[in-house]
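>>> Build the 3D model from these lines:
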Amino acid sequence: MDDKKRMVDTYEVKHAVCIGDKEILFMEDGKKPYPYLVCNCTWDNPLGVNQYSDAVVSADYLEMMAEFASRVTAQIEAVKAERAKISVSLGPFTLEHCVPDDTGESIQDKVAVIRQECLRPEYRTADKQLVLVTGGFGSQGKARGRAVYVVNLYSSKESRWNRGDILGVVKPECMPDWVKERLQQIESERQVKHRKQEQVR
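Numbers count the residues shown, from 1 in each chain. Sure, this is the predicted structure:
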(Lines give C-alpha, C1' and ligand atoms only; values in the text may rest on other atoms or scores of the structure.)
Protein backbone atom coordinates (compact mmCIF):
# COMPACT_ATOMS: atom_id res chain seq x y z
CA MET A 1 0.00 0.00 0.00
CA ASP A 2 1.35 3.44 -0.95
CA ASP A 3 1.23 5.69 2.11
CA LYS A 4 2.92 8.64 0.42
CA LYS A 5 0.95 11.82 0.93
CA ARG A 6 -0.09 13.85 -2.08
CA MET A 7 0.87 17.46 -1.60
CA VAL A 8 0.02 20.63 -3.52
CA ASP A 9 2.34 23.31 -2.20
CA THR A 10 1.86 23.08 1.59
CA TYR A 11 -1.62 21.53 1.37
CA GLU A 12 -2.23 17.80 1.75
CA VAL A 13 -4.85 16.29 -0.52
CA LYS A 14 -7.48 14.68 1.68
CA HIS A 15 -10.10 13.86 -0.96
CA ALA A 16 -9.88 13.71 -4.76
CA VAL A 17 -12.54 12.79 -7.29
CA CYS A 18 -11.61 12.59 -10.96
CA ILE A 19 -14.59 12.68 -13.30
CA GLY A 20 -15.01 14.13 -16.76
CA ASP A 21 -12.35 16.65 -17.71
CA LYS A 22 -11.46 17.66 -14.14
CA GLU A 23 -10.29 16.34 -10.82
CA ILE A 24 -11.83 18.00 -7.78
CA LEU A 25 -9.49 18.29 -4.77
CA PHE A 26 -10.19 18.90 -1.09
CA MET A 27 -6.99 19.84 0.73
CA GLU A 28 -5.86 20.81 4.21
CA ASP A 29 -2.97 22.70 5.80
CA GLY A 30 -3.49 22.94 9.55
CA LYS A 31 -0.91 25.70 9.89
CA LYS A 32 -2.85 28.13 7.70
CA PRO A 33 -5.44 30.57 9.10
CA TYR A 34 -7.79 29.17 6.44
CA PRO A 35 -6.76 25.53 6.50
CA TYR A 36 -9.26 24.06 4.01
CA LEU A 37 -8.90 24.51 0.26
CA VAL A 38 -10.95 23.23 -2.66
CA CYS A 39 -9.78 23.56 -6.26
CA ASN A 40 -9.97 22.02 -9.71
CA CYS A 41 -7.14 20.12 -11.36
CA THR A 42 -6.78 19.61 -15.12
CA TRP A 43 -4.00 18.09 -17.21
CA ASP A 44 -5.12 18.64 -20.81
CA ASN A 45 -1.97 20.42 -21.98
CA PRO A 46 0.97 19.48 -24.22
CA LEU A 47 3.11 18.35 -21.27
CA GLY A 48 0.30 16.60 -19.41
CA VAL A 49 1.18 18.36 -16.16
CA ASN A 50 -1.32 19.15 -13.43
CA GLN A 51 -2.80 22.65 -13.55
CA TYR A 52 -4.76 23.96 -10.56
CA SER A 53 -7.52 26.55 -10.80
CA ASP A 54 -10.56 28.10 -9.11
CA ALA A 55 -9.20 27.66 -5.59
CA VAL A 56 -11.27 28.73 -2.59
CA VAL A 57 -10.23 28.62 1.07
CA SER A 58 -12.06 28.71 4.37
CA ALA A 59 -11.72 27.93 8.05
CA ASP A 60 -15.12 26.20 7.93
CA TYR A 61 -14.76 22.48 7.19
CA LEU A 62 -18.43 21.94 6.36
CA GLU A 63 -18.50 24.92 4.02
CA MET A 64 -15.55 23.55 2.07
CA MET A 65 -16.95 20.02 2.04
CA ALA A 66 -20.20 21.41 0.59
CA GLU A 67 -18.13 23.24 -2.06
CA PHE A 68 -16.27 20.02 -2.85
CA ALA A 69 -19.51 18.04 -3.17
CA SER A 70 -21.08 20.75 -5.33
CA ARG A 71 -18.19 20.67 -7.79
CA VAL A 72 -18.24 16.89 -8.01
CA THR A 73 -21.97 16.99 -8.72
CA ALA A 74 -21.40 19.62 -11.42
CA GLN A 75 -18.86 17.35 -13.10
CA ILE A 76 -21.28 14.42 -13.01
CA GLU A 77 -23.95 16.55 -14.67
CA ALA A 78 -21.44 17.78 -17.28
CA VAL A 79 -20.57 14.20 -18.24
CA LYS A 80 -24.28 13.32 -18.44
CA ALA A 81 -24.87 16.30 -20.74
CA GLU A 82 -21.89 15.35 -22.91
CA ARG A 83 -23.14 11.77 -23.18
CA ALA A 84 -26.65 12.92 -24.10
CA LYS A 85 -25.27 14.71 -27.16
CA ILE A 86 -23.53 11.63 -28.52
CA SER A 87 -25.43 10.33 -31.54
CA VAL A 88 -23.83 6.87 -31.86
CA SER A 89 -24.25 3.64 -29.93
CA LEU A 90 -22.33 3.77 -26.65
CA GLY A 91 -22.18 0.02 -26.14
CA PRO A 92 -18.57 -0.84 -25.23
CA PHE A 93 -16.35 -2.91 -27.50
CA THR A 94 -15.03 -6.16 -26.04
CA LEU A 95 -12.75 -8.95 -27.21
CA GLU A 96 -15.58 -10.53 -29.23
CA HIS A 97 -15.56 -7.45 -31.49
CA CYS A 98 -11.81 -7.63 -32.13
CA VAL A 99 -8.99 -9.56 -33.62
CA PRO A 100 -6.86 -9.82 -30.43
CA ASP A 101 -3.77 -7.65 -30.51
CA ASP A 102 -0.69 -9.43 -31.82
CA THR A 103 2.43 -7.41 -30.99
CA GLY A 104 4.20 -9.19 -33.84
CA GLU A 105 1.95 -7.42 -36.33
CA SER A 106 1.67 -3.76 -37.29
CA ILE A 107 -1.52 -1.91 -36.36
CA GLN A 108 -0.58 1.23 -38.28
CA ASP A 109 -3.63 2.78 -40.04
CA LYS A 110 -5.99 0.27 -38.46
CA VAL A 111 -9.05 0.83 -36.27
CA ALA A 112 -8.11 -0.29 -32.79
CA VAL A 113 -10.00 -0.65 -29.52
CA ILE A 114 -8.74 0.84 -26.27
CA ARG A 115 -9.15 -1.55 -23.35
CA GLN A 116 -12.06 -0.58 -21.09
CA GLU A 117 -9.92 -0.87 -17.96
CA CYS A 118 -7.55 1.77 -19.35
CA LEU A 119 -10.39 4.30 -19.44
CA ARG A 120 -12.08 5.92 -16.48
CA PRO A 121 -15.48 4.33 -15.64
CA GLU A 122 -17.52 7.19 -17.08
CA TYR A 123 -15.67 6.89 -20.40
CA ARG A 124 -15.87 3.14 -21.02
CA THR A 125 -17.99 3.59 -24.14
CA ALA A 126 -17.49 2.98 -27.86
CA ASP A 127 -17.02 6.65 -28.70
CA LYS A 128 -13.99 6.73 -26.39
CA GLN A 129 -12.63 3.31 -27.34
CA LEU A 130 -12.49 3.37 -31.14
CA VAL A 131 -9.35 4.97 -32.54
CA LEU A 132 -7.38 5.09 -35.77
CA VAL A 133 -3.72 4.27 -35.20
CA THR A 134 -1.59 6.95 -36.85
CA GLY A 135 1.94 6.12 -35.73
CA GLY A 136 4.39 5.54 -32.91
CA PHE A 137 7.09 2.89 -32.48
CA GLY A 138 4.63 0.71 -30.56
CA SER A 139 2.30 0.52 -33.55
CA GLN A 140 4.84 -1.50 -35.52
CA GLY A 141 5.24 -5.28 -35.39
CA LYS A 142 7.89 -6.67 -33.02
CA ALA A 143 8.75 -3.14 -31.95
CA ARG A 144 10.80 -2.31 -28.88
CA GLY A 145 8.90 0.92 -28.32
CA ARG A 146 5.49 1.11 -26.64
CA ALA A 147 4.07 4.44 -27.81
CA VAL A 148 1.02 4.28 -30.06
CA TYR A 149 -0.37 7.54 -31.45
CA VAL A 150 -4.03 7.61 -32.35
CA VAL A 151 -6.91 9.84 -33.37
CA ASN A 152 -10.27 9.24 -31.74
CA LEU A 153 -12.74 8.42 -34.49
CA TYR A 154 -15.66 10.18 -32.79
CA SER A 155 -14.07 13.32 -31.33
CA SER A 156 -11.02 13.59 -33.66
CA LYS A 157 -8.88 14.18 -30.57
CA GLU A 158 -5.29 12.97 -30.86
CA SER A 159 -3.67 11.08 -28.00
CA ARG A 160 -0.92 8.67 -27.02
CA TRP A 161 -1.35 5.18 -25.59
CA ASN A 162 0.92 2.22 -24.91
CA ARG A 163 0.65 -0.90 -27.06
CA GLY A 164 -0.52 -2.82 -24.00
CA ASP A 165 -3.56 -0.51 -23.79
CA ILE A 166 -4.81 -1.81 -27.14
CA LEU A 167 -7.34 -4.64 -26.90
CA GLY A 168 -7.21 -5.45 -30.59
CA VAL A 169 -8.21 -4.41 -34.09
CA VAL A 170 -11.92 -4.17 -34.89
CA LYS A 171 -13.28 -7.07 -36.94
CA PRO A 172 -14.66 -5.86 -40.30
CA GLU A 173 -18.10 -7.27 -39.53
CA CYS A 174 -18.20 -5.37 -36.22
CA MET A 175 -17.24 -1.99 -37.72
CA PRO A 176 -20.02 0.56 -37.00
CA ASP A 177 -21.35 2.58 -39.92
CA TRP A 178 -20.32 5.84 -38.27
CA VAL A 179 -16.72 4.61 -38.12
CA LYS A 180 -16.79 3.66 -41.82
CA GLU A 181 -18.05 7.16 -42.67
CA ARG A 182 -15.37 8.77 -40.52
CA LEU A 183 -12.64 6.69 -42.19
CA GLN A 184 -13.84 7.81 -45.62
CA GLN A 185 -13.70 11.41 -44.43
CA ILE A 186 -10.16 10.99 -43.10
CA GLU A 187 -9.04 9.40 -46.38
CA SER A 188 -10.56 12.31 -48.35
CA GLU A 189 -8.78 14.81 -46.10
CA ARG A 190 -5.48 12.98 -46.61
CA GLN A 191 -5.89 13.05 -50.38
CA VAL A 192 -6.60 16.79 -50.34
CA LYS A 193 -3.55 17.39 -48.16
CA HIS A 194 -1.40 15.24 -50.45
CA ARG A 195 -2.55 17.16 -53.55
CA LYS A 196 -1.71 20.47 -51.89
CA GLN A 197 1.75 19.21 -50.99
CA GLU A 198 2.31 18.09 -54.57
CA GLN A 199 1.27 21.53 -55.85
CA VAL A 200 3.79 23.20 -53.55
CA ARG A 201 6.57 21.03 -54.98
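>>> What ranges does the protein have for its strands?
Residue ranges of the strands in the chain, as given by DSSP state E, are 7-8, 11-19, 22-28, 36-42, 51-58, 98-100, 111-114, 130-135, 147-152, 158-162, 166-170.
>>> which one of these lies closest to Met64?
Across these, Met64 has its closest neighbour in strand 36-42 (3.9 Å, CB to CB). C-beta: built from backbone N, CA, C; applies to glycine.
>>> got a list of contacts for that closest one?
8, 11, 16, 21-29, 50-61, 63-64, 67-68, 71 (CB atoms under 8 Å, 6 or more residues apart in numbering).
>>> buried subset of the residues you listed?
Buried by 16 or more other CB atoms under 10 Å: 8, 11, 22-29, 52, 57, 64, 67-68, 71, out of those.
>>> quick check: domain ranges of this protein?
For the chain, automatic domain parsing gives the domain ranges 7-85, 95-200.
>>> will you turn the ones you listed into TSV that also has mean pLDDT?
Below are the domains of the chain laid out as TSV (pLDDT from 0 to 100):
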stretch	mean pLDDT
domain 7-85	95
domain 95-200	94
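>>> Just give me the residue right at the centre of this protein.
Leu119 (6.7 Å; CA atoms, centre = their mean).
>>> Tell me who's in contact with that one.
128-129.
>>> Who are the contact partners of the nearest residue to Gly138 once chain neighbours are set aside?
Distances taken as CB to CB, 6 or more residues apart in numbering place Arg163 nearest to Gly138, at 3.9 Å, with adjacent residues excluded. Arg163 makes contact with 101, 103, 138-139, 143, 146, 148, according to CB under 8 Å, 6+ apart.
>>> Repeat the analysis, applying 6 Å as the threshold.
138, 146, 148 (CB atoms under 6 Å, 6 or more residues apart in numbering).
>>> buried set for stretch 35-55?
Quick answer for stretch 35-55 (16+ other CB under 10 Å): 35-41, 52.
>>> Between these, which sits nearest Lys110?
Closest to Lys110, out of all of those and judged by CB to CB, is Cys41, at 34.2 Å.
>>> Any figure for the gap between the closest one and Arg83?
22 Å (CB to CB, to the nearest Å).
>>> if we can go back for a sec, among the buried ones among the contacts of strand 36-42, list the two that are farthest apart in space.
Lys22 and Asp29 (21.7 Å).
>>> Give me the number of neighbouring residues for Gln108.
15 (other CB atoms under 10 Å).
>>> you'd agree it is up against Gly141?
No: contact between Gln108 and Gly141 fails when scored by CB atoms under 6 Å: they sit 9.1 Å apart.
>>> Quick check: neighbours shared by those two?
Joint contacts of Gln108 and Gly141 (CB under 6 Å, 6+ apart) do not exist.
>>> The closest residue to Phe26 other than its chain neighbours: how many residues sit nearby?
Excluding the flanking residues, the one nearest Phe26 by CB to CB, 6+ apart is His15, at 4.0 Å. His15 is flanked by 14 other residues according to other CB under 10 Å.
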